[in-house]
Structures are given as C-alpha cells and as structure tokens.
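Chemist: Need a 3D model of the sequence below.
(one chain, ligands or ions: 1)
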Amino acid sequence: MTSPVRIAILGAAGRMGRALIDALPQHGSLKLGAALDRAEAAGQGKEIAHGVALSAELAAQTANFDVLIDFTRPDGTLAAVKQCVAAGRGIVIGTTGFTPEQREEVELAAQQIPVCISGNFSIGVNLCLALAEHAARVLGDRFDIEVVEAHHRMKVDAPSGTALMLGEAAARGAQLSLKDAAVYAREGHTGAREAGTIGFATIRGGDVVGDHTVMFLGDGERVEITHKASNRANFANGALRAAAWLSGKPAGLYSMKDVLA
Ligand code: NAD
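Modeler: Sure thing, here's the model as predicted:
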C-alpha cells in the first residue's frame, strides 16, 4: 500500500481553507500534515482538524508535508512559493488576483518545483472553458462576447480569476488576444460597442459563491454558457484532486486541464 500524500493548507482559517478540511475525508490518498494561516488568524496554536494545530510558520512545517495547497492572497502565495522552492515541495495555487509580474514569479518558480495553478478548480467550470472556446470558434466574429460574473460581498479582486479564464478561452476560440480585446469598464458616453472586443461586468454582494456567464450576442439570437457554484466543496474537491495528482510530478507549470486530462 502506498503511503498517503501529506498536504499542508495555507489559508486554513479562511473560507476555502475550511472547505478543504471538510472535503479531505473523501480523499483517501491524502492526509493533513500542516495547517497554516496568518499570525493574527483566529485559532492559532489550537487544533484545527485531524490532530493538526494551526500554525503561522511555514518554514518550520516543510518537513510535515509533500504538497502545499494555497488559498490566500497573492503576497501570501509568493512567500509560500519561495519556501516551497527552498524545501523542494510542490504547490497547488488557488489564490487569484495576481499582477502580471506576480504571475511571472510563480512561473519562474515552476522551473524548480511542480506548480498547479488555476483560477477555478471546479470541474464544471473547466468544462465551461472548453465550451466557451468552442462556441467562440463556431460563432466567429458575428457574435459579440461578454462575460458577466457575480460573487459575495467579501471578494477583493475583480473581475474574478474565472471570468478572466473564460475571457481567455473565448478569445482563443475567436482568435483574439484578450490583452487587446478586453473592456473592463464602461461609463458615460462610451460610443457604440467596438467589434472584436470582449466586455466584462462584475456584480458583488451577499453570499454568492460564484456565478459566471459567457454571452455570445448575435442578431436575433444569443447563446449563454452559465456556471453557478452553490458551495465551495466543488473547488475544494478539485484542489485536493490536483494535490494528489501533483505529488511526484517533475517541476513544471500545470493547470486543471492537465489534472483532468
Ligand atoms: P478568505 O479571506 O476567507 O481566506 C483567506 C485566508 O488566507 C484567511 O484566513 C487569511 O488570514 C489567509 N491569508 C491571507 N494572507 C495571508 C498570508 N500572507 N499568509 C498566510 N495566510 C494568509 O478567502 P477565500 O474565500 O478562502 O479565498 C481565498 C483565495 O482563493 C482568494 O484569492 C479567492 O479568490 C480564491 N478562490 C479561488 C478558487 C479557485 O477555485 N481557484 C475558489 C474560491 C476562492
């Protein structure tokens, strides 16, 4: 029998951290080795689950895990990536909201350790990415593409990482570059919609876990691809599956597409 993969959860006191701990018993090949969060997080030093106490010192815990799962903020992720490189540990990154420079740092680290990063670990969303790319390819430039997303009132970045991934998928299908095509805000006298652009709209409020729709708006018809997350278990299960998959992989930058292949 192979021994379980030991995981550490960074951001263990947060919403996704709790969802990961709740989902863990369904993943028999994984075992909780360490639980980490900021020094100020409630419950520091106390048992969080499975006999593991919440800790703030990642460097002191690297002997206790094989793969780190990170759902924090970009500064927390980048500090953790450095520790994982130093200790030769793999990392699953669920945190969103990286600047292009921060994303580059993650990509550099992936030359030394295995890194699986996804703005959305849900299997349904990953299916929607493939559908959006296909729809954009079929519908071509006669349909306008818009991405609408809604999240809970505590979310700090916009548009969501998933909205951006859906925009990138649609851009690939339509043979556009999202960097040039994206329109992130409209206000005042904007003029008519420019062809070949991809618009984003953001809704924030309540306890919405995550709704995303890619709209393809044509003359006389409209196609919508929608995903609605009703709880965080779907992200947690995907990230845990990614951690099991990542263990023992060579250094490299992986995505949920690789995990599900
Ligand atoms: P949250 O605020 O509930 O939890 C974040 C936790 O990280 C908190 O406990 C906080 O104390 C901790 N943290 C923040 N900075 C830290 C640091 N520097 N070092 C250590 N710990 C730190 O947020 P959440 O809803 O759990 O989301 C966390 C991140 O995951 C966000 O970026 C969110 O957008 C992203 N997210 C991604 C997916 C996905 O599938 N990829 C799904 C849901 C959320």
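
Chemist: Where do the helices of the stretch 101-250 of the chain begin and end?
Modeler: According to DSSP state H, counting those that start in this stretch, the stretch 101-250 of the chain carries its helices in the segments 123-139, 161-173, 178-181, 233-246.

Chemist: Tell me the buried residues in the shortest one?
Modeler: I take that to be helix 178-181. For helix 178-181, a neighbour-count test (16 or more other Cβ atoms under 10 Å) marks Leu178, Ala181 as buried. For glycine as for every other residue, the C-beta is placed from the backbone atoms N, C-alpha and C.

Chemist: same deal with stretch 193-204?
Modeler: For stretch 193-204, by 16+ other Cβ under 10 Å, it's Ile198, Gly199, Phe200, Ala201, Thr202.

Chemist: what does the stretch 101-250 of the chain put close to the ligand?
Modeler: With Cβ under 6 Å from any ligand atom as the criterion, the stretch 101-250 of the chain meets the ligand at residues Ser118, Gly119, Asn120, Phe121, Phe235.

Chemist: Quick check on those residues: which are buried?
Modeler: Neighbour counting over those (16+ other Cβ under 10 Å) leaves Ser118, Gly119, Asn120, Phe121, Phe235 as the buried ones.

Chemist: farthest-separated two in those residues?
Modeler: Gly119 and Phe235 (10.3 Å; Cβ to Cβ).

Chemist: which residue packs closest to Thr95, ignoring adjacent ones?
Modeler: In space, and not counting its chain neighbours, Thr95 is closest to Thr77: 4.6 Å by Cβ to Cβ, 6 or more residues apart in numbering.

Chemist: Correct me if wrong, but that neighbour is in a helix.
Modeler: Yes. Thr77 sits within a helix when classified using DSSP: H, G, I helix; E, B strand; the rest coil.

Chemist: Domains in the chain, by residue range?
Modeler: Domains of the chain are assigned by automatic domain parsing as 5-117+232-260, 123-229.

Chemist: so can I have JSON lines of those domains showing mean pLDDT?
Modeler: Converted to JSON lines, the domains of the chain look like this (pLDDT from 0 to 100):
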{"stretch": "domain 5-117+232-260", "mean pLDDT": "97"}
{"stretch": "domain 123-229", "mean pLDDT": "96"}
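
Chemist: chain center to stretch 129-144: distance?
Modeler: Centroid separation for stretch 129-144 versus its chain: 23 Å, with Cα atoms, centre = their mean, to the nearest Å.

Chemist: got it, and stretch 215-225?
Modeler: The answer for stretch 215-225 is 27 Å, by Cα atoms, centre = their mean.

Chemist: Could I get the buried residue list for it?
Modeler: Met215, Phe216, Ile225.
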